[in-house]
Each structure stands twice: as C-alpha cells, then as structure tokens.
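Colleague: Fold the following and give me the result.
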Amino acid sequence: MNHVADRLLTGYAGGQNLPADQAWAVEAHLELCAACRARLATLSTPDVSALVEGVWSGLEPGLASRPQPVAARFRVALSRWTTPVMLPWLLMVLLVSGFSVWLDATVVRTGSFVQLFAPVLPVLGVAASWSGGLDPAYELVTASARAGLDLVLRRTTAVLVAVLPVLLIAGGLTGSAVGLWLLPSLAFTTGTLAIGLLIGVERAAGALVVVWLAVFAVPTVVTGSSFALQKGAVAVWAGIFALTVVVVVLRRSAFTRLIARR
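Modeller: Here you go, the predicted model:
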C-alpha cells in the first residue's frame, strides 16, 4: 500500500488549503492506514501546538480536583423517584399543613382542619408528578423504558414519603387521630391512580379534589361535622383503599398508555 507523502500529510495537519481531490484522498487513506494515522499524530504546527496548550491549560485545573460521585449518584437516584416540578407542591403542603394547625388552634369547631385538608394533599402531588404542562421532560420520561406502573409507583411513593411526615407532625400538634386522615389520604391517592387509568392522572386528581371539596369539605365547614371524618368511616376508607389498589394492580398494563399518565 502506498502511503501519504510527507508534503501532503504535513499540509493536511497544518490546515493548508489542499485541493479537494487531494484532501479527500488523504482522508480516505487515513481511514484505512494505521501507519499514516500514527505519522499524522506526530505532526504539529505552532498554531496547533498553541491550541492544544490553551485547551489543556483550561482543562487541567478541573482534572486535578476529585469528582463527587456520591452526590451525582444521589441526584440520579432522586430523579428516578421524583421530578423538580414537585418542589412547589411540597412547599404548598408545608404551608397548608401549617395553616391547618393554626386554624385548629384559633377556630372553635368540631373536627380538625388537618383531617379536612389531608386527603387532597397527596392527590395534588400525584397530579404534579404527571403534569405535562409543568414538566418540560414529560414526553421524554413517559416514553422511556421504565414508564408504566413501576414509574407511577415510584413517584407516588415519593409523594407519600414527602407528605405523610408533615401530616404526622400536624396531626400530633392538633391531636387528630392518625386513622382519620391517613386512610382517606391513601384512598384518594390510589383512587387517583385507578381513575387515572380511564381519564388520565391529572384529570382524575382534579375530579377527586372537586368531589372532596363539594361533598365533604364544604359541608363539614358549614355543619361542623361529617361522617367522612369520624371513626365510623375508617372501615369505609380502608375498603376504598383496598379496592383501588386491586384495580391498579389488575390494570397495571394500562399505565404504558399515554392517557394514563396525563
């Protein structure tokens, strides 16, 4: 095999304006000839040397510092469970819970405002997790290989992990029975996923919030009591929770469709 002449190889390395046919011939030969590629690697010009030195001087300080793989792994793991758009929702949970504690301490009434707001807080978090209007990477995430029930449960778990400790603290400060707000919260969360199989998670969350406000919250504020927030309703909420869990598990394949994630 004939190799590239020194004159052509030096001109190619130096960025000289070689005729098009010669430049093409040099590049075609370099693709097939390891010996000429090795010769090319040894050639340099003052301009190329200055460019390499400038690039290296910019990279060297960063290469000297140690990477932080632990933080990077934590961010990657966190992104598998939650989304950045959930941060405003989490701040809302803190504000609503604090407001509920303040109302329970200042307003004389039957029942607890913590119990009144608790069922819809995780529902709003689940909706935020699947909001196509808020998450710029929504289509990319929902089209990924992990999309489906696995991703739905991951993000739902992240919502509950964030909201339940806040509600536990608020309930402890107000003396609210755990079962009277925990079971409705879980039932509304799994109910959002179950109804979301038909109309999408966002729409299901909005519908359940409206139902809760119209059927339970407003009448409770007006009358001062509601069966939904009394001990006798615990078994009802437990039954709804169990039923919706069964529906979600049996219809888990439906979460691979885009409508179930909107």
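Colleague: Tell me the helices and strands packed up against the helix or strand where residue 36 lies.
Modeller: For residue 36, the host element (DSSP states H and E) is helix 34-42. Under the contact definition 3 or more CB pairs under 8 Å, 6 or more residues apart in numbering; DSSP states H and E, helix 34-42 sits against helix 6-13, helix 20-32. Just so you know, the C-beta spots here come from the backbone N, C-alpha and C atoms, and that holds for glycine as well.
Colleague: so which of these is the most packed in?
Modeller: helix 6-13 (a mean of 15; mean count of other CB atoms under 10 Å).
Colleague: other SSEs contacting that helix?
Modeller: By 3+ CB pairs under 8 Å, 6+ apart, helix 6-13 packs against helix 20-32, helix 34-42.
Colleague: Name the residues that touch the first one?
Modeller: Translated: helix 20-32. Contact partners of helix 20-32, identified using CB atoms under 8 Å, 6 or more residues apart in numbering, comprise 3, 4, 8, 9, 12, 18, 36, 37, 40.
Colleague: If we use 6 Å, what do you get?
Modeller: Outside helix 20-32, the residues that touch it by CB atoms under 6 Å, 6 or more residues apart in numbering are 4, 8, 12, 36, 37.
Colleague: ok, now how distant is the last one from residue 169?
Modeller: Between residue 37 and residue 169 the distance is 66 Å, computed by CB to CB, to the nearest Å.
Colleague: for residue 5, same thing?
Modeller: 80 Å.
Colleague: More neighbours: which of those two?
Modeller: residue 169 (14 against 11; other CB atoms under 10 Å).
Colleague: Would you tell me what helix or strand the more buried one is located in?
Modeller: Residue 169 belongs to helix 149-174, assigned by DSSP H and E.
Colleague: Report the buried residues of that helix.
Modeller: Residues of helix 149-174 classed as buried: 149, 151-152, 155-156, 158-160, 162-164, 166-168, 170-171, 173-174 (neighbour count, 16 or more other CB atoms under 10 Å).
Colleague: Check what pLDDT the residue lying closest to residue 202 once chain neighbours are set aside gets.
Modeller: Once flanking residues are discounted, residue 202 sits nearest to residue 127: 5.2 Å by CB to CB, 6 or more residues apart in numbering. In this prediction, residue 127 carries a pLDDT score of 79.
Colleague: hmm, back to that, outside of the helix or strand that the helix holding residue 169 is followed by itself, list whatever touches it.
Modeller: Remark: after helix 149-174, the chain's next helix or strand is helix 178-199, criterion DSSP H and E. The set of residues external to helix 178-199 that reach it, using CB under 6 Å, 6+ apart, is 115, 118-119, 122-123, 126, 204-205, 208, 229, 234, 237-238, 240-241, 244-245, 247-248, 251, 254, 260.
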